[in-house]
Structure formats: C-alpha cells, structure tokens
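S.K.: Sequence unavailable; structure follows:
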RNA sequence: GGCGACGUAGCCAAGUGGCAAGGCAGGGGUCUGCAAAACCCCCAUUCGGCGGUUCGAAUCCGCCCGUCGCCUCCA
C-alpha cells in the first residue's frame, strides 16, 4: 500500500511521491530563540520526528533541516532586557533546545541553519525579487508586493480581498497593499544590523526560511512542516518568496501542519507570549520521555490536543504497559532455571504470538504500516503495538502459570515478538526502557541512608558508601540545572538493589511489616518492587 | 465579521457508506503472606441535536447547537 499524506495546500490526502526517487527533502520550522521552548513546540518536533522515522523505516533517505531563528524583534528585546547580545542569547537557547530534544528522543536534524548565517542568501533573494517587480524598497525597508504574485493566499485558502476586509491592525501607509509584508527592515539605532543594498538593516521573519531551505535543500522541497499557526502568514509568504525567486512551482510538494496544544480547556493554544506554557524542561522533569511521546501519539497529529494531567497519567500507564511487556519477556528469555515444557496450554498463545510477530497479512507489522501509511495515523499504529504487547504478555503468562521454561521454538517466537515490539516502538521513537529522573535518584539515596541508619543489620551502610552519590536534585525554578534529561541510571540501580536486598532479608525472617513498609516507601518514589517465585523484580514508573 | 477544522463510553482517542480499534479509569475472577505486574471476563444497540439521501450512515447532504484554529508575533 502506498503512503498517503494530507496536504494543507490541497486539503486532501495525496499519495506521497517524492521529487527524487527514494529521497525526501524535509524542512521543519524551528524555534525562535528568544526564550525556553514549551511542550507545544515539543509536540511539533515529536510529530516530525516520527514522520521522519517512519519515512526512513519505509526506505526513504531523508534530509531533515530545521532552522533556528536567531534574529528577530523578540530576541533583540530579550537580549536587551538581559543586557546581553542576541548571539549569546541564541547560543544559550540553542544549547538548551538541543539537550531538550535529546531528552525527548527527537533525532537530530541533518542541518540546523541559522538566520544570521544566511544573510547573504536572503539579500540575494530580495534583490532578485525586487528585480522581478515582486518587491519594492521604501526608506531602507523592503516589502513584498503580494498583488504581483498570482497564487497568494492559496495555502491558507483566502483571497486578498477577504484579508483586506478582515485586517485588524494599523497598516503601514508606505505599503502599496495592506497585506504586503516586510522582507528587510532598516535598522533602528542600537539594533543589530547587516550591510545591504538598502542600507544597514536586518531580515524580516519570513525570508529566512526561504533562504535557508533553498540553500540547504534546493528550490523545491518534498515536505515542509510546522504548526498550524504558521500556515498564515509565514508559510504563505514563504511560497510567495521562494517561487517568486526561483520561478519553480511548487516550492513544496507536501505542506504538513500539526494541530496545536492547549494547556486547559478554557484557554487558547499554549504560546509563550500568553505565558500559559509548560516548558519542555519541566515536562522532562516530571515525565518519562516515552510518556510524553505516547501522549502526543495518542491523538492524530492534525488534531488540537489538550495537555491535561489525566491524559498524561493515562499516557504514563500506557507507556508503562509497553515497557513492562518488554521487561517481563526479557526476564523470561534470560532465565534458564526452569525445565522447558511444551504444555498444551502454551501452544495457543505462542501460536498467536508467532502470527502477530510474523510478516503475514494478520501480523502487527501489516496493521502498523496500514495505519501509518494513512497520513501517519500514529494512534492506530500505537494501538497495534498494544495488541502485540498483549500477545507477548499472554505467552509469558502461559509459561508463568505452568512454571515452565521455554522450548527452543517458544524461545524463538517470544524473542521475535519482543524484537518486533522494540522495532516498531522505535519507529515511533519509543525507548521502552525505564529511566529514573535525577529527583528520583536523589530521593532514593536519602531513603537508603535512612534505612541503613535505622536497620544496619538489613541495609548495609558499607555498601551504601560504595555507591556513588547521585547529583543533587536541581532546584525548582526554570533555569536551575543544566541537564533536563533523565540521567540518573548509573547511581540508581545499585541503590535499588541495596534496598531491595535488605528487604529480602526482612521477608526471609517473616518480618512482613518492614518488607511492606520498604515497598511502600519505594513506591512513593516511583520504584515498584514485585515479588515473584524467582525473587524480586523492580521497575521505575 | 470572514475563512477553516472539529464534536465518538467516566476520561483520552481511532474509525469517513455495511453490524463501534486501542489506552486510562472502574467492576468481577486467577495468581500472591499481603501487594504489584500479567492473564481471563464485564464496561457505547450507539457516535452533539433535528431532518434528508440510501437496501444500509458515526461515516454523504441540509439546518441548528457547541468547541477550537487562522485572519496580528506564534510550533
């Protein structure tokens, strides 16, 4: 079956055909670097990360370009407010942005062009537009002449007349038409400026994406992405600029726009100037990256979505379900203690798992691809993963009920099931590996200290001293701490094991009260201890 | 005001003509010292409302109600 993608330009799903066979040129509008990014940005970049991963899974070679807007009114304003330069401000937020993307598991783009590094190309484009009668200069400013570009308004589905009628802002009287937009701004005193044929100035916002995408990917793109809020005017203007300059049509084959995130039901979209945001850093402190992904992928990328505690909690439980299936299957595959048994009760779940994990028409892979081929229907793809996890769980459960080890064949089937779950999970960017947050590691260390002080007979103080102390928990406060991602695993494992083994000693002595108390304390930290016939198991929420 | 989306169980959410995926929550059971996880069973005769087209509609058409986006910086 062929991949179909909804194209904002045509308002239809269209079969995905690339300009060059097997290759995809994809440009995604990146952040303006005037401040920290929020989970609305994260949602957009997660969506395009999954699109990129799926295209690569489908065999395309994707060149993924994402820009950084590092000169713009707000950045200048923010830098001035902090008494720093736009360069220093941009450098700081780029560094932070990339760490946050890493924390979310967003794969890095192939190129991250920056507006300030593309000024000569912008000047060249503006000059050419001027030469072609598509732009005009007034007092050091240069405007785009929208009436000279026939297709203006097509992407956003509106006509110049409508927009003129609905205009709500004061129009610069120097503009020939109210919808003309600025390509180049004359510098005001004290502002960063570059030399140009029109005098010192800086680029307008829209021109940078035309210049950067043409410079990195050529005159035509396969996919250009962004949030639905940049359809107009940003992307509309990009078409006018790029096609006006290159004369090539279409500038973009597929315009892909994600729906916007809202913070609460009675508020509008999450946006920095309204202040109704949850920063990516804050989200990563509170949630496993898989939780954030499952949340985002639970609704279709074009639907508007609500960032709600209930939905995040459901996503956390869902991510945990997938992760637990992988962990439990791995544990069974790793254990060799029990004799293999090909019990009759085990035949059916293993046969069903074999089918689900295979490559036939009823297999999970086929369902996954059918969903993703239909305009990246990630909720459908995710649903198929849950069904695969259930099949894995049923096989593991059958073996557990028989208290049986696995035959070679069963081992092979289960191994294939888990491998498939990991493989398709990775296409959605899911790690399916538990990670603890720095806060959890710090709290666990305190618990271990407390226990070894109270009951040194059970919880060995010498052992605690041999465990590296985790980095202190970053203070609350937006800019505190430099690392947003979960990174505490090194110190975490020995700590959990030290505490859990002490609890084993207590339980061996039938001291259920101590055992239950320790389990409850760990649970408060998000560490779940489970007792199995083969000893304890633990996992992180 | 103009343009465009959307409205599916307690919550989140797929499904765009043939008897309503999946997740979370909830109820009952198996397992367990107690738990947890997992497994089994149950949980929308119904898809905002009213009409229409059709043998047949959540899915197509019309009207109404509600929500959201864009029209201005914005992922």
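M.R.: Received the coordinates, thanks. The structure presented is a predicted model; accordingly, all values stated were derived computationally and were not measured.

S.K.: which residues in the stretch 201-350 of chain A form strands?
M.R.: Ranges of strands in the stretch 201-350 of chain A, per DSSP state E, counting those that start in this stretch, are A:201-203, A:221-227, A:252-258, A:261-262, A:305-306.

S.K.: Hey, what's the angle from the second one to strand A:252-258? Just curious.
M.R.: Orientation check (axes from the mean of the first three to the mean of the last three Cα atoms, to 10 degrees): strand A:221-227 against strand A:252-258 gives 20 degrees.

S.K.: Wondering if strand A:221-227 reaches RNA strand B at all.
M.R.: Yes. Strand A:221-227 reaches RNA strand B (Cβ under 7 Å from any atom of the strand) through A:226-227. Heads up, the C-betas are built off the backbone N, CA and C, glycines and all.

S.K.: returning to what we had before: of all the strands of the stretch 201-350 of chain A, which lies closest to residue A:465?
M.R.: Residue A:465 sits nearest to strand A:261-262 of all the strands of the stretch 201-350 of chain A, at 45.9 Å, using Cβ to Cβ.

S.K.: Which residues does the closest one contact?
M.R.: Outside strand A:261-262, the residues within contact range by Cβ atoms under 8 Å, 6 or more residues apart in numbering are A:39-40, A:43, A:268-270, A:304-307.

S.K.: Report whether stretch A:119-129 contacts RNA strand B.
M.R.: No. Under the criterion of Cβ under 7 Å from any atom of the strand, RNA strand B is not reached by stretch A:119-129; the shortest gap measures 15.0 Å.

S.K.: And stretch A:512-525, by the same measure?
M.R.: Yes. Stretch A:512-525 reaches RNA strand B (Cβ under 7 Å from any atom of the strand) through A:512, A:515-516, A:519.

S.K.: measure residue A:135 to RNA strand B for me?
M.R.: Per Cβ to the nearest atom of the strand, to the nearest Å, residue A:135 is found 17 Å from RNA strand B.

S.K.: Excluding sequence neighbours, find me the nearest residue to that residue.
M.R.: Once flanking residues are discounted, residue A:135 sits nearest to residue A:129: 4.0 Å by Cβ to Cβ, 6 or more residues apart in numbering.

S.K.: What strand or helix carries the one you found?
M.R.: Here residue A:129 sits within helix A:119-131, counting by DSSP states H and E.

S.K.: Can you list the neighbours in contact with that helix?
M.R.: By Cβ under 8 Å, 6+ apart, the residues outside helix A:119-131 that reach it are A:115, A:135-137, A:142, A:144, A:183-184, A:194, A:196-197, A:203, A:207-208, A:210-212, A:214-215, A:241, A:244-245.

S.K.: sorry, back to before: lowest-confidence entry in the contacts of strand A:261-262?
M.R.: Ranked by pLDDT, the contacts of strand A:261-262 bottom out at residue A:268, which has 73.

S.K.: That one: how many residues sit nearby?
M.R.: If you count neighbours by other Cβ atoms under 10 Å, residue A:268 ends up with 11.

S.K.: ok, it to residue A:299 distance?
M.R.: From residue A:268 across to residue A:299, the span is 18 Å (Cβ to Cβ, to the nearest Å).

S.K.: go on, residue A:249?
M.R.: Using Cβ to Cβ, residue A:249 is found at 34 Å from residue A:299.

S.K.: cool, and residue A:104?
M.R.: 17 Å.

S.K.: quick one: which of those two has more around it?
M.R.: Higher neighbour count among residue A:104 and residue A:299: residue A:104, with 24 against 16, using other Cβ under 10 Å.

S.K.: that older thread, for the residue nearest to residue A:135, report the pLDDT, please.
M.R.: Note for residue A:129: predicted pLDDT of 96.

S.K.: That one: neighbour count?
M.R.: Neighbours around residue A:129, by other Cβ under 10 Å: 25.

S.K.: Residue A:310 too?
M.R.: Here the count is done by other Cβ under 10 Å, and residue A:310 has 8 residues near it.

S.K.: show me what contacts residue A:61?
M.R.: Applying Cβ under 8 Å, 6+ apart to residue A:61 gives the contacts A:22-24.

S.K.: Across the sheet, point out what pairs with it.
M.R.: For residue A:61, the beta-bridge partners under DSSP bridges are residue A:23.

S.K.: Now tabulate the contacts of residue A:61 in CSV and tack on pLDDT, distance to residue A:326 and neighbour count.
M.R.: Formatted as CSV, those follow (pLDDT from 0 to 100; distance: Cβ to Cβ, whole Å; neighbours: other Cβ atoms under 10 Å):
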residue, pLDDT, distance to residue A:326, neighbour count
A:22, 96, 32, 9
A:23, 97, 33, 13
A:24, 97, 30, 24
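
S.K.: which one among these gets closest to residue A:315?
M.R.: The closest of the contacts of residue A:61 to residue A:315 turns out to be residue A:24 (Cβ to Cβ; 28.7 Å).

S.K.: show me the contacts for the closest one.
M.R.: A:18, A:55, A:60-63, A:222-223.

S.K.: so where's chain A shaky on pLDDT?
M.R.: Residue ranges of chain A with pLDDT under 70: A:1, A:164-170, A:265-267, A:471-490.

S.K.: Report whether the expected contact of residue A:174 with residue A:139 is present.
M.R.: Yes. The pair residue A:174 / residue A:139 is scored as a contact, 7.1 Å apart, by Cβ atoms under 8 Å.

S.K.: Assumed residue A:25 was part of a strand.
M.R.: Yes. Under DSSP: H, G, I helix; E, B strand; the rest coil, residue A:25 falls within a strand.

S.K.: Export the contacts of residue A:61 as CSV, with columns for distance to RNA strand B.
M.R.: Output for the contacts of residue A:61, formatted as CSV (distance: Cβ to the nearest atom of the strand, whole Å):
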residue, distance to RNA strand B
A:22, 27
A:23, 24
A:24, 18
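
S.K.: Save the residues you listed as TSV, and put in distance to residue A:443 too.
M.R.: Converted to TSV, the contacts of residue A:61 look like this (distance: Cβ to Cβ, whole Å):
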residue	distance to residue A:443
A:22	50
A:23	48
A:24	44
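
S.K.: wait, which of those residues is closest to residue A:280?
M.R.: Nearest to residue A:280 among the contacts of residue A:61: residue A:24, at 26.1 Å, using Cβ to Cβ.

S.K.: ok, the closest one to residue A:94 distance?
M.R.: Applying Cβ to Cβ to residue A:24 and residue A:94 gives a distance of 25 Å.

S.K.: same thing with residue A:261?
M.R.: Separation of residue A:261 from residue A:94 (Cβ to Cβ): 22 Å.

S.K.: neighbour-wise, which of the two wins?
M.R.: Neighbours per residue (other Cβ under 10 Å) separate residue A:261 from residue A:94, with residue A:261 holding more: 24 against 17.

S.K.: list the contacts for the residue lying closest to that one once chain neighbours are set aside?
M.R.: In space, and not counting its chain neighbours, residue A:261 is closest to residue A:40: 4.1 Å by Cβ to Cβ, 6+ apart. The contact partners of residue A:40, taken as Cβ under 8 Å, 6+ apart, are A:227, A:260-261, A:269-271, A:277.
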